[in-house]
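1. starting from these lines, generate the structure:
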Amino acid sequence: MTADRAEAAASRPGTGNVQTTLRSNIAFTGVGLHTGQRARLRILPASANYGIWFRRTDVVGRDAMVPARWDAVTDTRLCTRLGNAAGVTVSTVEHLMAALAGCGIHNALIEIDGPEVPILDGSARPFVDAILARGLRRLPAPVTCFEVLDPVEVRDGAAWARLDPAPSLVIDFRIDFADAAIGRQAKRLDMANGAFVRELSDCRTFCRQADVERMRASGLALGGSYDNAVVVDGDRVLSPGGLRHPDEAVRHKMLDALGDLALAGAPILGRYSAERAGHALTNRLLHTLFATPGAFRLVDCGPEAHARLPGTGVDRADVPAVA
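-> From the prediction side, this is the model:
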């Protein structure tokens, strides 16, 4: 192998069972879906065992550091919001967290000068494409994983979410909406071998036209538009260009689930199943998992387990092309 090819191989996500970070900074600018506020966001490399942290660069006189962790979630209305003890928050983190997990990034510092992550096109694709274009750097520490040992489940009426033992992360999701443009959809994917990047990363957030005014009256979706969300009304897709996949809605719910599960702080080896679930139930599921004795264990990921993680072996060529 030539030196150039060796360098390229070392920079690919998931190369070897060690932790990774970005090779260099990446910047994004855009509006928040719910606040409508414009923000600049940068993803910076970090050292081994650092994890994922947000830093609010516009905050002065208070702790500006917010951990990307399940026990820092402060709100789950239509998005996932993180906060610290000083009351500093960052919202709509799920698409970025899904991109980091789906590309195999274990350590990063995310600087942002506003309260909400830019929505960009409503999917994780812009984050994924930029991360894979920049490349990853291997770090001198093994990857650890949460291995699910016993089933845990949470319910809220007809909605439920569950984790079961499995050798890799599998997401099995079902949704049911009255609008015929969505209807009842179901999809199951093993997240190994870059399935997230190829199958889910380009799937956009969606909403029903009937809900738009209600959300805006509640101070939500102020930055929403046909450019960053799929809007449906009955059997019609109102967003220009239509759907990227016939089942884009359930695929996006799976994207959200990966982002919310990434707040565990380490990759999960287990099967996540859900019906009509959202951010709140997924976060409750993590609380239940970590509060249940014997339901999980933290293990070093050997080569076989590492090969089954979502970010292993993906390449920029795997990123879906969009119109």
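2. break down this structure into its helices, ranges please.
-> Ranges of helices within the chain are 3-11, 94-102, 125-134, 195, 209-217, 248-261, 279-291, 303-306, based on DSSP state H.
3. could you check the angle the longest one makes with helix 279-291?
-> The reference is to helix 248-261. With axes from the mean of the first three to the mean of the last three C-alpha atoms, to 10 degrees defining the directions, helix 248-261 sits at 40 degrees from helix 279-291.
4. same question for the second one.
-> Our comparison of helix 94-102 with helix 279-291, counting by the same axes, to 10 degrees, yields an angle of 50 degrees.
5. and the nearest residue to Ser91 once chain neighbours are set aside, what does it touch?
-> Taking C-beta to C-beta, 6 or more residues apart in numbering as the measure, Ser91 lies nearest to Arg81, with 3.9 Å between them; neighbours along the chain are not counted. C-betas here are computed from N, CA, C, even on glycine. Under the criterion of C-beta atoms under 8 Å, 6 or more residues apart in numbering, the contact list for Arg81 reads Val73, Thr74, Asp75, Thr89, Val90, Ser91, Thr92, Val93.
6. straight-line length of stretch 267-285, end to end?
-> 15 Å (C-alpha to C-alpha, to the nearest Å).
7. from now on call the first residue 40
-> Yes, from this point I'll number from 40; that puts the last item at stretch 306-324.
8. mean confidence score for that stretch?
-> Rounded to a whole number, the mean pLDDT of stretch 306-324 is 98.
9. same thing with stretch 242-250?
-> Model confidence over stretch 242-250 averages 90 on the pLDDT scale.
10. now that stretch: buried residues?
-> Buried residues in stretch 242-250, counting neighbours by 16 or more other C-beta atoms under 10 Å, are found at Cys242, Arg243, Thr244, Phe245, Cys246, Arg247.
11. list the contacts of that stretch.
-> By C-beta under 8 Å, 6+ apart, the surrounding residues in contact with stretch 242-250 are 72, 134, 158, 160-162, 216, 218, 221, 254, 260, 263, 267-272, 277, 283-284, 287-288, 290-291, 293-294.
12. what's the separation between Asp152 and Ile170?
-> Taken as C-beta to C-beta, to the nearest Å, the spacing of Asp152 relative to Ile170 amounts to 20 Å.
13. cool, Asp274 as well?
-> Where Ile170 is concerned, Asp274 sits at a distance of 36 Å (C-beta to C-beta).
14. ok, those two, which is more surrounded?
-> Comparing Asp274 with Ile170 by other C-beta atoms under 10 Å, the one with more neighbours is Ile170, at 29 against 10.
15. please list all residues in contact with Leu208.
-> Taking C-beta under 8 Å, 6+ apart as the definition, contacts of Leu208 comprise 229-231, 297, 300, 306-311, 347-349.
16. mind listing which of the residues you listed are in strands?
-> Counting by DSSP state E, the part of these found in strands is Asp229, Ile307, Leu308, Arg310, Tyr311.
17. the fourth one - how many residues pack around it?
-> Meaning Arg310. A count of neighbours around Arg310, defined by other C-beta under 10 Å, yields 20.
18. distance between the ends of stretch 329-336?
-> Its start and end residues considered, stretch 329-336 measures 10 Å (C-alpha to C-alpha).
19. what mean pLDDT does it have?
-> Rounded mean pLDDT across stretch 329-336 is 98.
20. buried sites along that stretch?
-> The neighbour-count check on stretch 329-336 (16+ other C-beta under 10 Å) flags Ala334, Phe335 as buried.
21. quick one: contacts of it?
-> For stretch 329-336, contacts defined as C-beta under 8 Å, 6+ apart pick out Trp109, Phe185, Glu186, Val187, Leu188, Asp189, Pro190, Val191, Gly309, Leu328.
22. again, only this time at 10 Å
-> Counting contacts by C-beta atoms under 10 Å, 6 or more residues apart in numbering, the residues outside stretch 329-336 that touch it are 109-110, 184-191, 202, 204, 303-304, 307-309, 327-328.
23. narrow those residues to those that are buried.
-> Among the contacts of stretch 329-336, the ones that count as buried by 16+ other C-beta under 10 Å are 109, 184-188, 191, 202, 303-304, 307-309, 327-328.
24. give me the phi and psi angles of the closest residue in space to Arg164 that isn't next to it in sequence.
-> Nearest in space to Arg164, with sequence neighbours left out and distances taken as C-beta to C-beta, 6+ apart, is Asp241 at 4.3 Å. Main-chain torsions, Asp241, degrees, to the nearest 10: phi -90, psi 10.
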